[in-house]
Structure formats: C-alpha cells, structure tokens
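A.B. asks: Turn this into a structure:
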Amino acid sequence: MFKKGSKIYGILSGVCPKCHEESMYTNKNPYAITQLFSMHEYCSHCHTKYKMEPSFFYGSMYVSYGVGIAFAVAAFLISFFLFESNLITAFISIVAALIVFYPIIIRLSRNIWINLFISFDKTLK
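C.D. replies: Model (predicted):
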C-alpha cells in the first residue's frame, strides 16, 4: 500500500510524483521554517518540472484547508473522548495541534496537489 509507485507513497514521502526517486524539497525537514516552501525546479532523475505554471501551488491552499480540518477533528477526538477534557481544553488542543503541525500540513497539501496532476511512470527506472 505504501510501496514506491503508489499515490500514497508519493504524497507521504514528498518525492517526485513521476519517478519517486528524489525529494521535491531542498530540505526534507518541514520544520526548517525558512525553507518550508523551497522546492527544486526540476527532478534530477526524470526532469519533471514541479512548478508547471506560475502560481501552480496556490491550489494547494484549498487542499490545506481540508487537511487542516482533518488534523483539527483528530485533535478534538483525542482530547475530548480519549482524555475526557472539557470543550475549552479541546479547543485549545485543536489550536495547539494546528500550530505544531502547520509545516506538515503545508507540505502534505502540496504533495497531494501535485500528485493530482502528475502520475507515477513505471517506465522510469
């Protein structure tokens, strides 16, 4: 399921969506905040251009909204039902989770967005 060649692998690992050989980001660590949005222009293995057009990744903002909602719901469920906290504490846990996981949400939404438009090519090895 998470093997090379699957969409899930491409999305979770942040590699080139076409060949799955190289990271799209100049720094793989999403918590290097100054380099959070820094991406390679092309894949050095298959020469896929990541920014297909100017402002290509603006669409990932819509994806990040959905991903952020998923993180918020998970934080609420864990806080409210697992730890049996009150609503105010659950709300604080949602805000804290969104702040802590912000870099991961951004990278994940960019990975989902580009994987919607570029598919894995099995012939590239």
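A.B. asks: Now name the helix or strand holding the nearest residue to V63 once chain neighbours are set aside.
C.D. replies: Nearest residue to V63, sequence neighbours excluded (C-beta to C-beta, 6 or more residues apart in numbering): S109, at 4.1 Å. (C-beta placed from N, C-alpha, C; glycine too.) Per DSSP states H and E: S109 is located in helix 102-117.
A.B. asks: quick one: average pLDDT of that helix?
C.D. replies: On average, the pLDDT along helix 102-117 is 96.
A.B. asks: same deal with stretch 79-98?
C.D. replies: pLDDT averaged over stretch 79-98 gives 95.
A.B. asks: picking up where we left off before, need the contact partners of the helix holding S109.
C.D. replies: Helix 102-117 is contacted from outside by 7, 10-12, 14, 17, 24-25, 30-31, 33, 36-37, 50, 52, 56-57, 59-61, 63-64, 67-68, 71, 98, using C-beta atoms under 8 Å, 6 or more residues apart in numbering.
A.B. asks: Please repeat the previous calculation with a cut-off of 7 Å.
C.D. replies: Outside helix 102-117, the residues that touch it by C-beta atoms under 7 Å, 6 or more residues apart in numbering are 7, 10-11, 14, 17, 30-31, 33, 36, 50, 57, 59-60, 63-64, 67-68, 71.
A.B. asks: Return the set of buried residues in that helix.
C.D. replies: Going by neighbour count (16 or more other C-beta atoms under 10 Å), the buried part of helix 102-117 is Y102, I105, I106, R107, L108, S109, R110, N111, I112, W113, I114, N115.
A.B. asks: And for stretch 69-86?
C.D. replies: Buried-residue list, stretch 69-86, by 16+ other C-beta under 10 Å: F71, A72, A75, F76, S79, F80, S85.
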